[in-house]
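Undergrad: sharing a model prediction with you, sequence too.
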Amino acid sequence: MTFLIKNMVCSRCKMVVTEVFEKNGMKPNAVNLGEVIVDNVKLPPAAFDQLHTDLKKLGFEIIDDRKRRVIEKIKNAIVELVHHSDENLQNNLSAFISDKLDYDYNYLSNIFSESEGITIEKYYIAQKIEKIKELLMYDELTLSQIADRLGYSSVAYLSNQFKKETGLSPTFFKNLKSKNRRNLEDL
């Protein structure tokens, strides 16, 4: 039996969700971003409700609706690509998503936009911007290295997209964060 779990976006999430399943008497065979696989277990409604309640307390949610499941798979594929993979997107996003989920991209795009109010591409860009912020805060990579790592054709393109989405240049954001960090260290 496969459970799709909303809001599972990191390794810590996987660990917490595993603990919740084990607490509720189910030993997962596999736990991936947004997905928990357990042996075919028939859960009584009360046990399912308890599992759902325990997950919800921690910010997670079991997805029952078929379209919601597909949308969550799209989100998880993008999060995995941007935040947990060192490889660049080799072809375009639509081909990647379509291949990953084995659905026609037009169908995926329509249900995603209808449900989320943004396009898959906008969601992908938002995730990339969050990754850029994270990498800027670590201050270990240059803008050129960040652009290369995230598949941007140039630093200028990364900077333009970052400014369009955040209203700040990457350099201003980096300086703003380092100033705030110094102020916190002075306390």
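TA: Structure's in. What do you need? Just so we're clear, the structure is a prediction, and the values are computed from it rather than from any experiment. Numbers count the residues shown, from 1 in each chain.
Undergrad: pLDDT below threshold where in this structure?
TA: For the chain, the stretches with pLDDT under 70 are 87-91, 178-187.
Undergrad: name the nearest residue to the residue minimising distance to the centre of it, ignoring sequence neighbours.
TA: Geometric centre of the chain, nearest residue: V79, 3.0 Å, by C-alpha atoms, centre = their mean. Distances taken as C-beta to C-beta, 6 or more residues apart in numbering place V9 nearest to V79, at 5.2 Å, with adjacent residues excluded. Backbone N, C-alpha and C define where each C-beta goes, glycine included.
Undergrad: next up, phi/psi of the one you found, please.
TA: phi -130, psi 0 (degrees, to the nearest 10).
Undergrad: my guess is it contacts E80. True?
TA: No. If you go by C-beta atoms under 8 Å, V9 and E80 don't touch, sitting 9.1 Å apart.
Undergrad: the domain parsing of the protein - what is it?
TA: 1-64, 122-186 (automatic domain parsing).
Undergrad: for the shortest one, measure first residue to last.
TA: Put plainly, it is domain 1-64. For domain 1-64, the first-to-last residue distance is 13 Å (C-alpha to C-alpha, to the nearest Å).
Undergrad: just give me how far that domain sits from the chain centre.
TA: Chain-centre distance of domain 1-64: 17 Å, with C-alpha atoms, centre = their mean, to the nearest Å.
Undergrad: quick one, helices of the protein?
TA: If DSSP state H is used as the criterion, the helices of the chain fall at 11-23, 45-57, 66-83, 93-101, 105-116, 120-138, 143-149, 155-166, 170-186.
Undergrad: dump the domains of the chain to JSON lines, plus mean neighbour count and distance to E116.
TA: Formatted as JSON lines, these follow (neighbours: other C-beta atoms under 10 Å; distance: least, C-beta to C-beta, whole Å):
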{"stretch": "domain 1-64", "mean neighbour count": "15", "distance to E116": "12"}
{"stretch": "domain 122-186", "mean neighbour count": "15", "distance to E116": "7"}
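Undergrad: tell me which of those lies nearest to F112.
TA: Ranking these by proximity to F112 (C-beta to C-beta) places domain 122-186 first, at 7.4 Å.
Undergrad: any common contacting residues for V9 and E80?
TA: L33 (C-beta atoms under 8 Å, 6 or more residues apart in numbering).
Undergrad: circling back: please convert the domains of the chain to CSV, extending it with distance to K75.
TA: Output for the domains of the chain, formatted as CSV (distance: least, C-beta to C-beta, whole Å):
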stretch, distance to K75
domain 1-64, 7
domain 122-186, 7
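Undergrad: just to revisit the earlier point, identify the residues contacting the residue nearest to the centre of the chain.
TA: Counted by C-beta under 8 Å, 6+ apart, V79 has contacts 9, 33, 127.
Undergrad: out of the residues you listed, who's nearest Q161?
TA: Q127 (12.2 Å).
Undergrad: chain neighbours aside, what residue packs nearest to that closest one?
TA: That would be V82: by C-beta to C-beta, 6+ apart, it lies 4.3 Å from Q127.
Undergrad: that'll do, ta.
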